[in-house]
Each structure stands twice: as structure tokens, then as C-alpha cells.
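**Q** Here is a sequence with its predicted model. Questions after.
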Amino acid sequence: MWRLLGLTRPLAGVMALSVICGVAGHCCAILIPVLAVAEALSLAGVTAGAWPALSPGACAAVLAGLGVLRGVLHYLEQTCNHYIAFKLLAQVRSQVFASLRRLSPAKLAGADKGSIISTVTADIELLEVFFAHTVSPVGIATLTCAVMVRLIGGLAWQLGVVAAVGYLLVGVAVPLAVSRACAPAGVASRTQAAALSTYVLDGLRGLAEVLQFGAAATRLDGLDERSEGLAQTQRRLAAGASTGAAVTQALVTVLSLTTLVVGAALWGASSIDAPSAVLATVLQLSSFGPVIALANLGGGLQGTLASARRVIDLLDEEPQVEEVLEGDDIAFEGAAMKNVSFAYDEERVLDNVSLSVPVGGIVGITGASGSGKSTLCRLLMRFWDVTRGQVSISAQRIDTIRTDRLRELESLVEQDTYLFHGSIKDNLLIARPDASQGQLEEACRAASVHDFIMSLPRGYDTPVGELGDTLSGGERQRLGLARAFLHDAPFLILDEPTSNLDALNEGVILRSLDEQRGRRTVLVVSHRASTMAVADASLSMDRGRMS
Ligand SMILES: Nc1ncnc2c1ncn2[C@@H]1O[C@H](COP(=O)(O)OP(=O)(O)O)[C@@H](O)[C@H]1O
Ligand SMILES: [Mg+2]
């Protein structure tokens, strides 16, 4: 929580303005009934201590003025709060993305993709509640209560004590109790909501399978079960919040009565005059606004803090590979692996693998599924650091090469190509933003996808649907290759580049690889013998070992 508060430091001025507006606004709101009662008392012929006597007309004008002022101040306060909140949310988002960039691709390849998505979307959003509706209300309530205790205490110290105890009960004890009571349900509701949306998303993605295998009824039952569970938890939460609200209301009434009783007793003992006792009661009665706002926060606070925890954990997470920021622009002079062993977790995936890719050569690797071929490609990209042995590019250890230079030297095409929402052209330009149309077409010809693109109604400007679902696996794969050709890195790593292609398209691609021989160095992984035909040397992998 202190970390979050620390973020607000640069905006302390706005925060102070918000608190001042809030306090002033609440004071206006409190003054309205107090002034009205004082006026009524003076009309009845009793003047209340130091309160000024106004003519009814002037009093009405002042009351109206206070009402308007209250509105303006409240507006200002909310504006400041939301200004702070959204400014900070933008800042936190960019920090989270910076740290995801630092952590990826290892982090994104891991199992907790779902939880990252919920942190990036839901958790950050929840911080709005903290920044806009928690920090300054606490300041406002504290200050307003201090002013009120001072005012009421000025009339009689005993009444001041009653007021202070009252504010503490309503503004601190009740929110803490509610927050503690609601904590388990709060956590459960977030987990259940996340599970429900995963289930729905899962079902949507697999809709074809669900229908084909007649599993719709089972899926629906699963859906009902999950939404019923969530609804139950939410009912518990709502019950907790309503109990809190009821307790708050009861406390407010009891405390106001206590003030009245204590005031009456003091008046009986001639410690204060009757109007002061009445005014103290009205002051007390009308000044619970800011603490009630705090009491209402109670239910949500635990959830907000839990979200904040997850965001901060992500910001603090240590990356698998440390980015190298300094180093020379080395040229590509071949790649090598020496006695490399690697494990994602416990289980060893690569065992003492050595490999040499001479500059200008085409090296092929075959091997059964699960033998560690993709892992080897990713280690050459330094998505992870090796457990033992070393990977080197141009005879320099890969973990000492400047990371952005490494990305310029190497280009990896994996089996699945991700296409962004946008036109085909946009998707290709990611690899080289300043490429000309001629260069685009050349790359697409080499990847055997130019003719396909030209057959589309809008050619290169054809939009690819969400997730590229409108394209077949083979078309996506060829676009991925075109991207890599366009990127024009001297070292191309192709992980099963032709797995989704028919013999004809495979032939075109192999021929263009062959044509680029000498200009580019290629490592190609495939389980197809036909793809290996283009390689100068081919190696085979078996359960993490090179043979
Ligand atoms: N991100 C990962 N985290 C943990 N284990 C992984 C990960 N990626 C792959 N593996 C495991 O590593 C082994 C080798 O996988 P992979 O390199 O993809 O083999 P191949 O490409 O030859 O099919 C497999 O047993 C796989 O389950
Ligand atoms: Mg693989």
C-alpha cells in the first residue's frame, strides 16, 4: 500500500487541492442545517452563543449560496481525484507493460498467461478505486472530523469526546470489521469470476468441438454451476455490505442521541446554554458524511489491496534473462552451442547438446515431437539462459551481446504465427516499418504467399480478422515466413516452417531458401525429410540429445 501511495507523490499538489475542496465542501454541507437551526432559534428569540443573527432573507441567501458552493467544491474534488487516478493508472499500465517486455518471452510462454491477462485488465482497473475513492476520502474524513471535534469540543469538551469516539467508530471500526468479514468472500468472488470467464472463453474457442461431440448440455451444466457459485458468493458480499450499512446507520442515530443526552445533562448542570446543546447535536448529526463514505469503502478495500499486490508482484518480478544494454554492433559470423543443458523446471529438456551453424550455411534438425527442437531454437534467441554450457553468436557468448543487436541478427519463425488486427500489410510491416511495396512483394514471393494475397479482394490492404482466424494455418505460416524474410536478419531460425503446407508451397519456400544460400544463414527444424533436402548438414535430436 505504501508503494501505491508513493506513486501519488508527484501529484501531491492535486491531491492536496482535492482534500481542501473535499473538506471545504463537507463544511458547507454541515453548515447548511446548522445555520438553518441557528436561524430558527434566533427567530424563536433565543440567540445561540457566538452565532451571528441574520435576517431571514440574508439567511436564505447564504443557505442557497452554501448549497451551490457545496456542489462546485464536490465537483472540483471529484475532478482532482479522477485526474490523479487516471494519470496514475496510465503510469502503472506503462510500467506493467515495460515489465512484461522485460519478463517476456519466457513469462508469456509459461503457464500463467491467464493470470497475466487478468492482472493487465482487471487488477489495474481496480486501482482506480484506490486512487480516486480511497486516498483522498481518508484525508478528507480525517481533516473534516478534526475540524468538527474542535468545533463541538469548543462548545463543551465532553461533547467533543463523544464526537471523536463517534467518528472513530463509524469511520475506522466499522470499515475494518466489514472489510475483515468480507475478505474471504471478496477473494472467492474474484477467483470465481475469473474461472467463469475462462470457462466461457474456453467454450467459445472450442465451440466447434463442443457441438460436434454433443457436449453442449454438459458445458451448459458447467456454466450454470459456476455462475450459481459466483452468485452465492456475491449474495454473501452484498449481505456483508448491507449489514455494514445498517450498523453504520444505527451508530449514527445512537451517537446523535448520545450527544443530545450529554448536551441536555450539561445544560442541566448549567455548563452550557440550551442553544449550544442543540447546535452541537445538529453539528454532530450532519457531520457523518465523510466517515460514512469511509464505512462504505470497507467491503471493497480488501479486493483492491489484493489487486494492488498482484500488480506490484508483476512489477517486481525478476526476468528470466537480464537485458544487455551495452555492447558493440557485432556482425554475424556463425552460431554455436557447446555442451548445452537446459531445464524449464526440474525436468531436463536438453542434455549436453553441441551444434555449429557456419555462416552462410543451411543446417537442418529433425527429431520426434517433444525432443527439444523448439527449445533449442528459443535458446538460440536467448528467450531463456541455459542451465549449463554456452550458446554463442559470432564466437561471443550470447548473454553478453546487446539484446537489441541480437534481435537484429536473428529472426525466428515459429510454428504458429500471430497476426494482429489490421491489414495484411500492417502485419508485414511489423518486421520492417520502412519497407517499400516492392520489398513487401519480394518477401511475399519468396514465402510463396504473394499470389494468394493478390487473389484477395483488397490485396495487401485486406484486413485479417481477429486472431487471424479468417486465414488458414498454411496461409498464416507463409505470412510469418514473409515477415522473417522482410526483417532481413542474417540468421534465420525456422521452427517447422512447412508443417502446415502442401508439397507445392513447401517446394516454393525451399527453393527460395536455396536461392538465398550464402546470403543468409539458416537453421531449419522439421520432421519432414523433404525439408531436410535443402540443408547442407542435417542433425537429429532424440529426447534432448543430439545424435
Ligand atoms: N514453456 C515451457 N515450460 C515447461 N516445459 C516446456 C515448455 N516448452 C516446452 N516444454 C517441454 O519441453 C520438452 C521439449 O519441448 P519442445 O522443445 O517444444 O520439443 P519439440 O519442439 O521437439 O517438439 C517437452 O517435454 C515440453 O513439454
Ligand atoms: Mg516444436
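**A** Happy to help now that I have it. Since the model is a prediction, treat every value here as computed from it, not as a measurement. Numbering: from 1, shown residues only. Ligands and ions are numbered 1, 2, ... in the order given.
**Q** Quick one: name the residues of the protein near ligand 1.
**A** Selection of the chain residues close to ligand 1 by C-beta under 6 Å from any ligand atom yields Ala109, Gly110, Tyr344, Val349, Gly367, Ser369, Gly370, Ser371, Gly372, Lys373, Ser374, Thr375. For the C-beta atoms, the positions are set from N, CA and C on the backbone; glycine is no exception.
**Q** Generate a markdown table for those residues, with secondary structure, pLDDT and neighbour count as supplementary columns.
**A** Formatted as a markdown table, these follow (DSSP: H, G, I helix; E, B strand; the rest coil; pLDDT from 0 to 100; neighbours: other C-beta atoms under 10 Å):
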| residue | secondary structure | pLDDT | neighbour count |
| --- | --- | --- | --- |
| Ala109 | helix | 66 | 14 |
| Gly110 | coil | 60 | 14 |
| Tyr344 | coil | 87 | 15 |
| Val349 | strand | 91 | 20 |
| Gly367 | strand | 90 | 21 |
| Ser369 | coil | 88 | 8 |
| Gly370 | coil | 89 | 11 |
| Ser371 | coil | 90 | 22 |
| Gly372 | coil | 91 | 23 |
| Lys373 | helix | 92 | 22 |
| Ser374 | helix | 91 | 18 |
| Thr375 | helix | 92 | 22 |
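**Q** and the gap between the residue nearest the centre of the chain and ligand 1?
**A** When C-alpha atoms, centre = their mean is applied to the chain, the residue found nearest the centroid is Val120 (2.1 Å). Separation of Val120 from ligand 1 (C-beta to the nearest ligand atom, to the nearest Å): 20 Å.
**Q** Can you pick out the most distant pair from the residues of the chain next to ligand 1?
**A** Maximum pairwise distance in the residues of the chain next to ligand 1, criterion C-beta to C-beta, is 23.2 Å, between Gly110 and Gly367.
**Q** Might you list the low-confidence residue ranges for the protein?
**A** For the chain, applying pLDDT under 70 flags the ranges 47-53, 109-114, 298-299, 466-469.
**Q** Regarding it, what is its longest helix?
**A** Among the segments of the chain that qualify as a helix by DSSP state H, the longest is helix 216-268.
**Q** What is the neighbour count of the spatially closest residue to the residue nearest to the centre of the chain that is not a sequence neighbour?
**A** Counting by C-beta to C-beta, 6 or more residues apart in numbering, Val120 lies nearest to Val96, which is 6.2 Å off, once chain neighbours are set aside. When neighbours are counted by other C-beta atoms under 10 Å, Val96 registers 19.
**Q** for the one 4 residues further on, same thing?
**A** One way to gauge burial is a neighbour count; for Leu100, by other C-beta under 10 Å, it gives 19.
**Q** That one touches Ile116, doesn't it?
**A** Yes: between Leu100 and Ile116 there is a contact under C-beta atoms under 8 Å: 7.1 Å.
**Q** Is the residue nearest to Val120 in a helix, a strand, or coil?
**A** Following DSSP: H, G, I helix; E, B strand; the rest coil, the label given to Val96 is helix.
**Q** how far away is it from Gly300?
**A** 21 Å (C-beta to C-beta, to the nearest Å).
**Q** Leu7 now?
**A** Relative to Gly300, Leu7 is positioned 19 Å away (C-beta to C-beta).
**Q** between the two, which one's more packed in?
**A** Set Leu7 next to Gly300 and count neighbours by other C-beta under 10 Å: Gly300 wins out with 20 against 16.
**Q** any idea which element the more buried one lies in?
**A** Taking DSSP states H and E as the definition, Gly300 sits inside helix 289-316.
**Q** wait, which of the residues of the chain next to ligand 1 is closest to Ser394?
**A** Of the residues of the chain next to ligand 1, the one sitting nearest to Ser394 (C-beta to C-beta) turns out to be Thr375, at 22.3 Å.
**Q** what residues are up against that closest one?
**A** Residues in contact with Thr375, defined by C-beta atoms under 8 Å, 6 or more residues apart in numbering, are Phe342, Tyr344, Val349, Leu350.
**Q** Turn those into a markdown table, columns for distance to Gly22.
**A** Conversion of those to a markdown table gives the following (distance: C-beta to C-beta, whole Å):
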| residue | distance to Gly22 |
| --- | --- |
| Phe342 | 57 |
| Tyr344 | 52 |
| Val349 | 58 |
| Leu350 | 61 |
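**Q** Now Val291: closest residue in space that isn't a chain neighbour?
**A** Closest to Val291 by C-beta to C-beta, 6+ apart is Gly171, at 3.3 Å.
**Q** State the number of residues packed around Ala368.
**A** Look at Ala368: counted by other C-beta under 10 Å, it has 12 neighbours.
**Q** and the helix or strand following the longest helix of the chain, what does it pack onto?
**A** Going down the chain from helix 216-268, the next helix or strand is helix 274-286, by DSSP H and E. When contacts are defined as 3 or more C-beta pairs under 8 Å, 6 or more residues apart in numbering; DSSP states H and E, helix 274-286 sits against helix 12-43, helix 136-155, helix 157-168, helix 216-268.
**Q** can those go into JSON lines with extra columns for mean neighbour count?
**A** Converted to JSON lines, the helices and strands packed on helix 274-286 look like this (neighbours: other C-beta atoms under 10 Å):
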{"stretch": "helix 12-43", "mean neighbour count": "19"}
{"stretch": "helix 136-155", "mean neighbour count": "20"}
{"stretch": "helix 157-168", "mean neighbour count": "19"}
{"stretch": "helix 216-268", "mean neighbour count": "15"}
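**Q** got these as JSON lines, with distance to Asp514 columns?
**A** Output for the helices and strands packed on helix 274-286, formatted as JSON lines (distance: least, C-beta to C-beta, whole Å):
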{"stretch": "helix 12-43", "distance to Asp514": "64"}
{"stretch": "helix 136-155", "distance to Asp514": "67"}
{"stretch": "helix 157-168", "distance to Asp514": "81"}
{"stretch": "helix 216-268", "distance to Asp514": "49"}
